[in-house]
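# Sequence first, predicted model second:
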Amino acid sequence: MIIMSSTINRTMRRWRPLISILIGASVGVTLSFLCSPLVNSTCGVERLGLAHIGLGSSRKTYSLYGLDGNGNPMDDEEFQPVLMTAHNPPEKKTVERNNLLRFRYVAPELQIKDKIFVAVAATHGMDLESMSVAINKTIGHLVPKIVFFTNKPVDSALPPGMQIVQFSAEQPIMYTFETWNYIFEHFAKDFDWFMLIQDDIYLNGDKLMNFVDHIRIGRDTYIGLPTREIDMGFTYCRKEAGYIISRNLLKKFGPDIGDCIKTSTSSLSDLEVGRCVYQHANQQCTSLYEGSVYNSYNFDGKSLGELEMNDAHMRQAITVFHVTERRSIYQLHKFFSEVAINETELEIEKIKNEIEKVVPYTPAGEDGWTWPTGTNEPFKPTTRFDVIGWQYFTTTHIYGHSEINPKTQLVGPDKQDIDEILGTAMSKLNSDYSDTFSSGGRLVNGYRRFDPTRGMEYTLDLQLQTIDKQTVQKRVQLLRPLGPAEIINMPYVTEYNQVTIIVPVTINDREQLKVFLESYASVCLETHDNSALMLIFIYTPAEARVMAQDDIYSNIKQLVSHYVRKYAGSRISWISVKTTIPSPIAIMDVISAKHPPETLFFLSTVNAELSQEYLNRVRMNSILGYQVFFPIPFSQYDTTIIYKDTPNPEKIEVSKNVGRFENLLYEHASFYNSDFVNARQIWDEKHPGSSTDHIQSDTDLFEMFLATKLHVFRAVDPALKERYHERVCQPTLREDHYQRCLESRADGLASRQQLAMLVFAQGEKEKVEQL
């Protein structure tokens, strides 16, 4: 019995999956017979023919047979099938798709607008002695945009950067309406507020920005010094004090400025602007908006005396109007700047007191208090490798500045930094101790370190002498805090410009050039990068004389021809240059004349290891008429030392045991041809009558661009790597350049640890040989 039961169980387990399949198939066949058209029945087609989705009148009807030309559902009798053949293809329906418009900058795409646009009606002329120049100097750096509108002749000697728009209208009404029409057509989409002032107004930039920062945008707003027009029944803003109009309001009356000009009935421009705003936007002037007051002060017939300085109304003024002298503009700016500084210091002191009161109640308690109050707490290292070291300094030397030179002379920016810190410390001590100490305290010990979370920290031990000749020693701690991050406006550049790579080649570079060409083919030619290569074959006078019979670069030129045939469309060229001592400037003099001004050059060497990342950085960091790029490459150490027991890898690894960033080299540079030509002209003006024979160092090209107004961008670039090569220092170089070359050659052999191990191994080997 037990045996039979186990047998049945094994059989059931074996057939269990098949039983499930058989049951499912049976159910499916049964249902298909029920719904099959074997009998004259629609099997529920009456219910399925029209499916209603939705509720009430908003439900939508779908048909199994499609829709007719009017969009109505069809039944089985109306539906006519259409046979699609090769001669009767289906009609392709064209779908209109809106092209996605992408903006050049993020701000327009996100509809981010600047705060305020200031227009200045320059009715008193536009020259160096005009009021407009004073207004530009005092307010130009405080507002996002300022434009001067004038119908007077413009002096060509005006300071650069002033944006001026000239009109021919003489009548004040036409002049004012043309100004607003120009603003509406060119700037209505870019700013939240628009302000118009006369050129006899001092504009308090800090008060203005604080005013517009505390009122809401998006409303029809007309703010200024209100004046009631009784006959017409509206209030307008007087032009003498300036007035502000919101973007929404400008959009409402801006299109009707032409009609406002035609229907003007008076000679008062501010009255007609107010009437235009009232008629087309139903808005009137006000000086109070959301609790903020537009304060103005009449300076007519006054001078900046003690009475005016203590006037509370003047201290709160956004505009001071009827200022008749340019000197008064500067005096008012100085006064308001001092007021702003005093208010800022009081606010800082108030915040510090509030922080000190709150600190005991924080989770960290008194330990959470940092000095100075309100600054970030000092950096806390997690391991011993994160500890920030201190630099020791005196008035003449600084110690620990670099590992290579532990002791360096205190010169340049470092000396200016220390002198400023000593002067600040003495000033603060005399302020706290009521001028107890005589000037000129002696520095005993000085320490400084850079904390990335706070700034530069200083600790000074000062030996001071009191007025009564007593010697006192004080320890002073100072902090130069980090300022807020500043966004610098840069010209627009792209990564699509063609880069022309310039590579000088000497007789000793022939083998390395083969490696460079292979790298260029893989990085640029195979990827179809928008770049060109120009090789500069340099001949000495002796080599040039026999070039026709025995060309030292014949094999290289054949290899170049091979790459040109292999890669269709490749832009590889070469020229021959005869010179005794090649220099970057002399080479670029030859190349520059053969290319248009907009050509982007990248001057490099045969030892460089190219990469797409670096070429894109060349395009981004070289800006026409604005910036040139001198990267600091990662230079490989002597391979016979660092790879003594291991094979030399194909790619250079960025590591302290493989190489270092060579900051003494200026061989790699990228710039536009027109910038080089302009810099060359300035160089020739400063060195009249000199030829290129005296230009032998790569530093001369760097110094040549430094003499211009171009921004010289110098930074390390991990993507630019340079293979090791033995550097040749020409004795004909200038003494400082020759010493720099010797230093670079010595430091480029290997790290100190590797050289020490090499010397140690050599010493052990000599001991063994002696034994």
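Received it, and whenever you're ready, just let me know what you need. Numbering: from 1, shown residues only.
# Residue 178: what secondary structure?
Of the three states, residue 178 takes helix under DSSP: H, G, I helix; E, B strand; the rest coil.
# Next, count neighbours for residue 479.
Per other CB atoms under 10 Å, the neighbour tally for residue 479 reads 15. From N, CA and C alone the C-beta is placed, and that goes for glycine too.
# Where does it sit: helix, strand or coil?
Each residue gets one of three states, and residue 479 gets strand by three-state DSSP.
# Please verify my assumption that it contacts residue 458.
Yes. Between residue 479 and residue 458 there is a contact at 7.3 Å, judged by CB atoms under 8 Å.
# Adjacent strands (with direction) for the host helix or strand of residue 577?
Element membership of residue 577, judged by DSSP states H and E, is strand 572-578. Strand 572-578 has the following strand partners under DSSP bridges: strand 531-539 (parallel).
# What average pLDDT does the strand it pairs with get?
Taken as a whole, strand 531-539 has an average pLDDT of 92.
# after that strand, next one along is what?
The next secondary structure element downstream of strand 531-539 (using DSSP H and E) turns out to be helix 541-545.
# Just the buried positions in that next one, please.
Along helix 541-545, the positions that meet the burial threshold by neighbour count (16 or more other CB atoms under 10 Å) are residue 543.
# Residues touching stretch 480-492, excluding its own?
Contacts of stretch 480-492 from elsewhere in the structure, counted by CB atoms under 8 Å, 6 or more residues apart in numbering, are 104-105, 372, 375, 421, 454-456, 458, 623-626.
# Neighbour count and pLDDT added to the residues you listed, as CSV?
Below are the contacts of stretch 480-492 laid out as CSV (neighbours: other CB atoms under 10 Å; pLDDT from 0 to 100):
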residue, neighbour count, pLDDT
104, 9, 58
105, 9, 59
372, 11, 84
375, 15, 84
421, 20, 93
454, 18, 91
455, 14, 93
456, 15, 94
458, 21, 96
623, 20, 91
624, 16, 91
625, 11, 89
626, 15, 90
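# Next step: the residues you listed restricted to helices.
Among the contacts of stretch 480-492, DSSP state H puts residue 421 in helices.
# tell me which of the contacts of stretch 480-492 is nearest to residue 542?
Using CB to CB, residue 624 comes nearest to residue 542 of the contacts of stretch 480-492, at 40.5 Å.
# So what's the residue count around the nearest residue to the closest one once chain neighbours are set aside?
Closest residue to residue 624 apart from its sequence neighbours, by CB to CB, 6 or more residues apart in numbering: residue 672 at 4.7 Å. Close neighbours of residue 672, defined as other CB under 10 Å, add up to 23.
# ditto for the one 3 residues further on
The number of residues packed around residue 675, counting by other CB under 10 Å, is 22.
# State the distance from the residue nearest to residue 624 to residue 529.
For residue 672, the distance to residue 529 (CB to CB, to the nearest Å) stands at 19 Å.
# where does this structure dip in pLDDT?
Within the chain, the segments meeting pLDDT under 70 span 1-20, 27, 29, 31-110, 403-404, 439-440, 688-698, 771.
# before we move on, the earlier item: could you tell me the angle between the helix or strand just after the strand holding residue 577 and strand 531-539?
Using DSSP H and E, the next helix or strand after strand 572-578 towards the C-terminus is helix 584-592. Orientation of helix 584-592 against strand 531-539 (axes from the mean of the first three to the mean of the last three CA atoms, to 10 degrees) gives an angle of 120 degrees.
# Other residues contacting helix 584-592?
Outside helix 584-592, the residues that reach it (CB under 8 Å, 6+ apart) are 502, 504, 534, 536, 575, 577, 579, 601, 603, 667, 669, 673, 676-677, 680, 683, 692, 695, 698, 700-701, 704.
# Give me the ChimeraX select line for these, limited to the buried ones.
The command below creates a ChimeraX selection of those among the contacts of helix 584-592 that count as buried (16+ other CB under 10 Å):
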select :502,504,534,536,577,579,601,603,667,669,673,676,680,683,692,695,698,700,701,704
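# Give me the subset of the contacts of helix 584-592 lying in helices.
When helices are assigned by DSSP H, the members of the contacts of helix 584-592 inside them are 673, 676-677, 680, 683, 700-701, 704.
# want to try CSV for those residues, with distance to residue 595 as columns?
Supplementary listing: the ones in helices among the contacts of helix 584-592 in CSV, determined by distance: CB to CB, whole Å:
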residue, distance to residue 595
673, 5
676, 10
677, 10
680, 14
683, 19
700, 21
701, 17
704, 18
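# now for these, which pair is the farthest apart?
Farthest pair in the ones in helices among the contacts of helix 584-592 (CB to CB) is 673 and 700. Separation: 18.1 Å.
# which ones are touching residue 547?
When contacts are taken as CB under 8 Å, 6+ apart, residue 547 is in contact with 539, 576.
# ok, now how distant is it from residue 560?
On the measure of CB to CB, residue 547 and residue 560 end up 16 Å apart.
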